[in-house]
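J.: Here you go, sequence then predicted model.
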Amino acid sequence: MKPARKEEAANNTQGDASEEEDDEMHETSSMGSTCTDNTSNGSETQINRRKRRRSKKKQQKTVKPIFKFSTYVKEDHGQSLFGCLFNYNLKNGELPTFATVGSNRVTIYQCQNDGGITLKQCYADPDNEEVFYTCAWSHDADTGSPLLAAGGLRGVLRVFNGLEGHVIGHGHAINEVKPKEVPADVRQKDHSLACGTPRR
């Protein structure tokens, strides 16, 4: 029996040590956190949660684009383009048409069904110092033909109707042109508002 007591004594000393460790673990766990397992302070769990969140965001970014690149156009003046605007006054079946403004030019393009772009018209201001900043599409109330108004640095508003006329006026640079139902409104640096296309 004595050897059994030695083993019991040895087991008891090991048991006492493990009980003390368990007590210390329970004491620290009750003071520091609610975790009683042999895990760390929970930082690994927090890191794993962050990783899971990040991976969900990456999965959401794999959306297919709606549009596909088909072609581009580079204008020969080599200057910046300040505006590009599609004509939304087209009739059903007409090909999309847009205008660009930059340098002393106003250019009208038409998108083709095969993905190409066709140059329709190009207007160059006689003053090489002119820089067109903005344009706006409207339409003639009587004929329904599209009108394009463009203005820029010199403060001259030009309204294009095919190869016909233009309107000249205003004393300061034109920063923005917005169309209404028939006339084109012009906003200038001097905060005045003028009508670009008179009614007949």
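T.: Ah, there it is.

J.: And the strands in this structure?
T.: Secondary structure of the chain (DSSP state E): strands located at 83-86, 97-102, 105-111, 117-124, 132-139, 146-152, 158-160, 174-179, 184-188, 193-195.

J.: Stretch 66-81: end-to-end distance?
T.: Stretch 66-81 has its terminal residues 25 Å apart, counting by Cα to Cα, to the nearest Å.

J.: for it, what is the average pLDDT?
T.: Across stretch 66-81, the average pLDDT comes to 87.

J.: Then stretch 113-131?
T.: For stretch 113-131, the per-residue pLDDT averages 91.

J.: Would you mark the buried spots in it?
T.: Under the neighbour-count criterion of 16 or more other Cβ atoms under 10 Å, stretch 113-131 has 123, 125, 130-131 buried. No exception for glycine: its C-beta is placed from N, CA and C like everyone else's.

J.: ok, back up a step: could I get the strands of the chain in CSV, plus columns for distance to Phe67?
T.: Converted to CSV, those look like this (distance: least, Cβ to Cβ, whole Å):
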stretch, distance to Phe67
strand 83-86, 13
strand 97-102, 14
strand 105-111, 12
strand 117-124, 14
strand 132-139, 21
strand 146-152, 24
strand 158-160, 28
strand 174-179, 25
strand 184-188, 29
strand 193-195, 36
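
J.: Buried deepest among the ones you listed, which one?
T.: Highest mean neighbour count among those (mean count of other Cβ atoms under 10 Å): strand 146-152, with a mean of 26.

J.: Lys64: which of the strands of the chain is closest?
T.: Put simply, out of these the one that sits nearest Lys64 is strand 105-111, at 21.6 Å, with distance taken as Cβ to Cβ.

J.: what's around Val156, how many residues?
T.: Counted with other Cβ atoms under 10 Å, the neighbours of Val156 add up to 20.
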